[in-house]
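In: Build me a model from this:
(chains A, B and C, ligands or ions: 2)
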Amino acid sequence: TPHHVTATTGVQAAPAVRRMARGLAIDLAAVPGSGPDGRVLINDMTEFIRSSRHTGARSH
Amino acid sequence: MHCPVVVLGGGPGGYAAAFLAADEGLDVTIVEAEPRLGGTCLLRGCIPSKALLHVAKVIHEVDDLRANWGVEYPGNPSIDIDKVRARKDQVISNLTGGLGNLAKRRNVTVIQARGTFVNSTTLQLEGDHDSIPVGGQLTFDHCILATGSVPAMPPAFNIGSDRVMDSTGALALADIPETMLVVGGGYIGLEMGSVYAHLGSKVTVVELAEGLLPGADRDLVKPLAKRIDKLCEGRVLTNTKVGSMTEVGDKIQVTFEGPAHFGHEQFDRVLVSIGRRPVTRGLGLENTSVVVTERGFVQVDDRQRTADPHILAIGDVAGDPMLAHKATHEGRVAAEVIAGKPAAFDKKAIPAVVFTDPEIAWAGITETEAKRDGVNVSVEVYPWAASGRAQALGITEGLTKWLVDPDSGRVIGCGIVGSGAGELIAEAVLAIEMGCEVHDVTESVHPHPTLSETLMNAGEVHFGTATEIFKPKRKPASVG
Amino acid sequence: MHCPVVVLGGGPGGYAAAFLAADEGLDVTIVEAEPRLGGTCLLRGCIPSKALLHVAKVIHEVDDLRANWGVEYPGNPSIDIDKVRARKDQVISNLTGGLGNLAKRRNVTVIQARGTFVNSTTLQLEGDHDSIPVGGQLTFDHCILATGSVPAMPPAFNIGSDRVMDSTGALALADIPETMLVVGGGYIGLEMGSVYAHLGSKVTVVELAEGLLPGADRDLVKPLAKRIDKLCEGRVLTNTKVGSMTEVGDKIQVTFEGPAHFGHEQFDRVLVSIGRRPVTRGLGLENTSVVVTERGFVQVDDRQRTADPHILAIGDVAGDPMLAHKATHEGRVAAEVIAGKPAAFDKKAIPAVVFTDPEIAWAGITETEAKRDGVNVSVEVYPWAASGRAQALGITEGLTKWLVDPDSGRVIGCGIVGSGAGELIAEAVLAIEMGCEVHDVTESVHPHPTLSETLMNAGEVHFGTATEIFKPKRKPASVG
Ligand SMILES: Cc1cc2nc3c(=O)[nH]c(=O)nc-3n(C[C@H](O)[C@H](O)[C@H](O)COP(=O)(O)OP(=O)(O)OC[C@H]3O[C@@H](n4cnc5c(N)ncnc54)[C@H](O)[C@@H]3O)c2cc1C
Ligand SMILES: Cc1cc2nc3c(=O)[nH]c(=O)nc-3n(C[C@H](O)[C@H](O)[C@H](O)COP(=O)(O)OP(=O)(O)OC[C@H]3O[C@@H](n4cnc5c(N)ncnc54)[C@H](O)[C@@H]3O)c2cc1C
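Out: Ligands and ions are numbered 1, 2, ... in the order given. You can find the predicted model right below:
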């Protein structure tokens, strides 16, 4: 079933981070994660937003 | 009458959705056929069953004090079934009364009526309650469909006798029958069977599959199966089909059609608990664009949206697992989606709990699923016999296990059997959602002496370093 | 005799350190004065107290069944104190026997002796057990000091009477005295007082501070204080100093010196539970470079290293909080540090639990600390009266609260009072350690109906959107 797939594969991020990404329409897979094993942390999100603002790369 | 947001069904899915939508500033109406909010869960499900299981548990613990602790109450308890029922009903009234007040304080309109869809934006309201608006129709921008489920009752068992009950009948607690047959060894059958057995009935359980709780991991089921077998004095008939039922005098005669057990037997009451059926028929869904699956569920995406742009669906009607907490979280997602918030139902772990004694709980991937789907996991098991708390309580038959993704070292599943497993699983859910590695769990200080430590200890098993058991993963230090 | 790693003291700190060091491949010896491993916790602390509290809890639940559920056992329980004691001792033997076996299987040498430091790398071993090596000395590369703590007994109370007991005496359960005074309303006094009260003693509690459990948040203490007051039939004397004790016949006469309560009274037994004292005196620490603080604790850094390069210290002897799980985790850190692993004791949350009924538990920052230190926190409280599970169990006096950092939205503290709080706090510890934001907790699916939901619900209070209570944070939708 689908929720197991996300448990083993896909980008790792906490519920609050997933929520933030949804809200900003950011694809989590595009965000470099600094947590253990590439986990995307809130700080990575803020950093990503800041840098995409510079490069205009943000997909909206 | 027009209301921007209508919720059809006032169960744990529906009222959670309605209340959150109201908290988000939306104008909300609940349409519920029954005079009280709460749905299956509150009126004839989770809550009354757990109230009765509490009584069963204390009765069991008194037996244990007598057998093992030198603390003895004279004789057996006298059970005033009217008082037990009254207490259970009081619990329900408190909670359902509370929900009514909360609806008022949130300015959520509650209409007591049966709603059916005339089209994608109109409900026809049947009933005779004052709350039904003139014209008997309600139009909406968004409807959240939360009509839940009802007990499945095959025609062969539906013989028009009060003595053949579904879970609602069993919870009504008309009497404590001398003998009772529970058809179906799923969680509802085992919970209700335990209650009646502790209240004094001779309970027999019959299950078509090879073991109780089909689908659950066998190592989790084993200690419970043992206990149920003892409680039923051996009358647990797995691998057995129930053929027919007939009323014979004031008994129900039941035929067992093997393969493991044949013959017929008479019981004072029969509880049929073989599953639940989503409520999608007779709702006029054919007048909308909502798609209903073969199994009768409404098809939804991860935002709880159906194929009809005006209609969302949540809870039991929207698919498995049919559990109250799934309904509530889906309800909250639906409300947020309508309010334009970035919600989605993308859970990695939905816990399942069997509130028997011992309890069984699991979340995330199970060992059974991992095997079936060929997912590579390491399974780290900690036996409760090694837990100081379990020893102190005399409940050493439990176990706690993690399923770990061997590549990332993350916890992706958890299973627990033992007293309080239903509470303990919550930490595991958080761990799985957070993408915790095993170290995150083992280095979190769990209070001593508690059963929560077994989650930490099962994590330590992964490294071969659990203090209270010896299960080395590294080669032992060269001896001499 | 030389052993690379010696652990002095075989309590939950010491044996955890020794076993992990062995699992890491090191050659380890434990020196323990007593004939059995387990320390205070197992022999005369956590474990026996919790075994007895289990009996107390069931007795309480039977009273509740009678009062509220229509299930009534005829008469009061007969309590065979010898059997209760035997059961408790059996639990201890099982566990301590298990530890002995585990030591063997791990090739950990256990020497039964009192050890004192001759210098930074040598222990003198006193005693007459066979396990003591010829010469009575043991040299080491690393010693982990884990000598724990003992009950504090002021000279004024140390009047040479068996009737004045410390916690060890109370756990010995010599009899069930008719009347008992508990001096000190900390967790040990309240736990043991509850046990004796449920077994039938008339218990009085006297506490110097203004309320029970000084230091704990008052809202958490309140429901417990109410229960203790009922259990003691009003005999809870806070704000009261105990002056002197004298043996008068077979009673102990105690004088109360105000300010809230004066006079004297006689009791069959007195339990002095006013605190614990780390064991650092008489160990020969002056022959090492170990630094002992004014309060008698060994000074350590976050790797459990003392000022002496050969000696680490863990557990009660190494500082507050004096709790078994802190000892164990420090023990594991010490073992890993010696094994060259990157461990440190850098916990954000060490849970504290009072295992009374109701239980109290907290972790991370407390409201009291936040106020004292001027830390800005939002406090989100969820009353258990709104929980379906608490209603079903009839335990609606509890509460669950989160302390949230208003800037980051992260949970940094948690407090719970209610049945099972000690198990529930484990999830909060994990959440704090993981740096969870409130959304992480509220979007994790907590099983229904459980008390673990109150953690989720208290999180929802933060957003003003808890389903079962109405506590809006946003402005209400304009009405009309
Ligand atoms: C005995 C028993 C024990 C259970 N124990 C647990 C447990 O411990 N934990 C757990 O998670 N789950 C448990 N469940 C399952 C749980 O009750 C359901 O998963 C949950 O109630 C589903 O919520 P829902 O809101 O989707 O639907 P429901 O609770 O079924 O509510 C649906 C509501 O919609 C109303 N309705 C239906 N059709 C219409 C209509 N046309 N017009 C107006 N109103 C309508 C119904 O009257 C009902 O009130 C138990 C169930 C049973 C039977
Ligand atoms: C009644 C009671 C209830 C408690 N309940 C709880 C609870 O529920 N949860 C909790 O976390 N904590 C509880 N505690 C506290 C807990 O017992 C201690 O925090 C814990 O035991 C500390 O572990 P330790 O290894 O540091 O020391 P200890 O357990 O005190 O062990 C020290 C060991 O060192 C030995 N020793 C001392 N000096 C020498 C020497 N010179 N040579 C050789 N051996 C020596 C002692 O014999 C002892 O075995 C309780 C305590 C009491 C008294």
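
In: Test my guess that B:Gly148 contacts B:Val317.
Out: Yes - B:Gly148 is in contact with B:Val317 according to Cβ atoms under 8 Å; the separation is 5.9 Å. In short, each C-beta sits where N, CA and C put it, glycine included.

In: Relative to C:Gly413, how far out is the residue in the stretch 351-480 of chain B that chain A sits nearest to?
Out: Using Cβ to the nearest Cβ, B:Gly435 is the residue of the stretch 351-480 of chain B that sits closest to chain A, at 4.1 Å. Distance of B:Gly435 to C:Gly413, computed by Cβ to Cβ, to the nearest Å: 23 Å.

In: same thing with B:Leu52?
Out: Distance of B:Leu52 to C:Gly413, given as Cβ to Cβ: 36 Å.

In: give the contact list for the residue of the stretch 351-480 of chain B closest to chain A.
Out: Contact partners of B:Gly435, counting by Cβ atoms under 8 Å, 6 or more residues apart in numbering or on different chains, are A:Gln12, A:Ala13, A:Ala14, A:Gly35, A:Arg39, B:Arg410.

In: Leaving out chain neighbours, which residue sits closest to the second one?
Out: Closest residue to A:Ala13 apart from its sequence neighbours, by Cβ to Cβ, 6 or more residues apart in numbering or on different chains: A:Val40 at 4.2 Å.

In: Wait, a strand at B:Gly258?
Out: Yes - assigned with DSSP: H, G, I helix; E, B strand; the rest coil, B:Gly258 falls within a strand.

In: List the residues that contact the residue most central in space within chain B.
Out: Most central residue of chain B, judged by C-alpha distance to the mean C-alpha position with Cα atoms, centre = their mean, is B:Leu323 at 5.0 Å. Contacts of B:Leu323 were listed using Cβ under 8 Å, 6+ apart, and they are B:Ile350, B:Ala352, C:Pro447, C:His448.

In: One more: B:Val441?
Out: Taking Cβ under 8 Å, 6+ apart as the definition, contacts of B:Val441 comprise B:Trp402, B:Val411, B:Ala431, B:Leu455, B:Met456, B:Gly459, C:Leu430.

In: again, 10 Å this time
Out: If a contact means Cβ atoms under 10 Å, 6 or more residues apart in numbering or on different chains, then B:Val441 has B:402, B:411, B:414, B:427-428, B:430-431, B:455-460, B:462, C:426, C:430, C:433-434 as its contacts.

In: Which ones among those map onto strands?
Out: B:Trp402, B:Val411, B:Cys414 (DSSP state E).

In: Tell me which stretches of chain A form helices.
Out: A:2-8, A:15-23, A:42-55 (DSSP state H).

In: Looking at those, which is nearest to B:Val7?
Out: Shortest separation from B:Val7 across the helices of chain A is recorded for helix A:15-23, at 22.8 Å, computed as Cβ to Cβ.

In: buried sites along that closest one?
Out: A:Pro15, A:Ala16, A:Val17, A:Arg18, A:Arg19, A:Met20, A:Ala21, A:Arg22 (16 or more other Cβ atoms under 10 Å in any protein chain shown).

In: Residue numbers of chain A in contact with chain C?
Out: Within chain A, the positions lying close to chain C (Cβ under 10 Å from any Cβ of the partner chain) are A:Ala14, A:Pro15, A:Ala16, A:Val17, A:Arg18, A:Arg19, A:Met20, A:Leu41, A:Ile42.

In: go again using 8 Å as the cut-off
Out: Taking Cβ under 8 Å from any Cβ of the partner chain, the part of chain A that reaches chain C is made up of A:Ala14, A:Pro15, A:Ala16, A:Arg19, A:Ile42.

In: ok, the last one touching A:Ala16?
Out: Yes - contact status for A:Ile42 versus A:Ala16: in contact at 6.9 Å, counting by Cβ under 8 Å.

In: Adding mean pLDDT as columns, could you present the helices of chain A in TSV?
Out: What follows is the helices of chain A, written out as TSV (pLDDT from 0 to 100):
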stretch	mean pLDDT
helix A:2-8	36
helix A:15-23	91
helix A:42-55	85
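
In: Check the contacts of B:Gly435 against ligand 1 and report the nearest one.
Out: Checking these against ligand 1 with Cβ to the nearest ligand atom, the nearest one is A:Ala14 at 24.0 Å.

In: The closest one contacts C:Thr442, doesn't it?
Out: No - judged on Cβ under 8 Å, A:Ala14 makes no contact with C:Thr442 at a distance of 12.0 Å.

In: residues near B:Arg277, how many?
Out: A total of 16 residues lie near B:Arg277 under the criterion other Cβ atoms under 10 Å in any protein chain shown.

In: For it, give the beta-bridge partners.
Out: Beta-bridge partners of B:Arg277, counted by DSSP bridges, are B:Val150.

In: List the contacts of it.
Out: The neighbourhood of B:Arg277, defined by Cβ under 8 Å, 6+ apart, consists of B:Ser149, B:Val150, B:Pro151, B:Ala152, B:Gly296.

In: Spell out which residues of the stretch 351-480 of chain B are next to ligand 2.
Out: When proximity is defined by Cβ under 6 Å from any ligand atom, the stretch 351-480 of chain B lies next to ligand 2 at B:His448, B:Pro449.

In: redo that, cut-off 5 Å
Out: Within the stretch 351-480 of chain B, the residues that sit near ligand 2 (Cβ under 5 Å from any ligand atom) are B:His448.

In: any weak-confidence spans in the stretch 351-480 of chain B?
Out: Within the stretch 351-480 of chain B, the ranges that satisfy pLDDT under 70 run B:474-480.

In: Apply 50 and report the result again.
Out: Within the stretch 351-480 of chain B, the ranges that satisfy pLDDT under 50 run B:475-480.

In: Could you give the number of residues near B:Lys471?
Out: Count around B:Lys471 with other Cβ under 10 Å applied: 13.

In: which phi and psi does it have?
Out: phi -150, psi 70 (degrees, to the nearest 10).

In: Who are the contact partners of it?
Out: For B:Lys471, the residues meeting the contact criterion (Cβ under 8 Å, 6+ apart) are B:Val461, B:Gly464.

In: so how far is B:Lys401 from it?
Out: B:Lys471 is 13 Å from B:Lys401, where distance means Cβ to Cβ.

In: Can you name the element that comes right after the helix or strand hosting B:Gly422?
Out: Following DSSP states H and E, the helix or strand that holds B:Gly422 is helix B:421-433. Heading C-terminal from helix B:421-433, the first helix or strand you meet, by DSSP H and E, is helix B:438-442.

In: In contact with B:Trp69, which residues?
Out: C:Val55, C:Lys83, C:Val84, C:Arg87.

In: Skipping adjacent residues, who's closest to A:Gly33 in space?
Out: Closest residue to A:Gly33 apart from its sequence neighbours, by Cβ to Cβ, 6+ apart: A:Val40 at 4.0 Å.

In: ok, and the closest non-adjacent residue to B:Ala466?
Out: Using Cβ to Cβ, 6+ apart and skipping the chain neighbours, the partner closest in space to B:Ala466 is B:Glu460 (3.9 Å).

In: Might one say that the one you found is in contact with B:Glu468?
Out: No - with contact taken as Cβ under 8 Å, B:Glu460 and B:Glu468 are classed as non-touching, separated by 9.1 Å.

In: before we move on, back to that, out of the buried residues of helix A:15-23, flag the one nearest to ligand 1.
Out: Top of the list for closeness to ligand 1, among those and by Cβ to the nearest ligand atom, is A:Pro15 at 19.7 Å.

In: Find the nearest non-adjacent residue to that closest one, please.
Out: Using Cβ to Cβ, 6+ apart and skipping residues adjacent in sequence, the residue nearest A:Pro15 is C:Glu443, 3.9 Å away.
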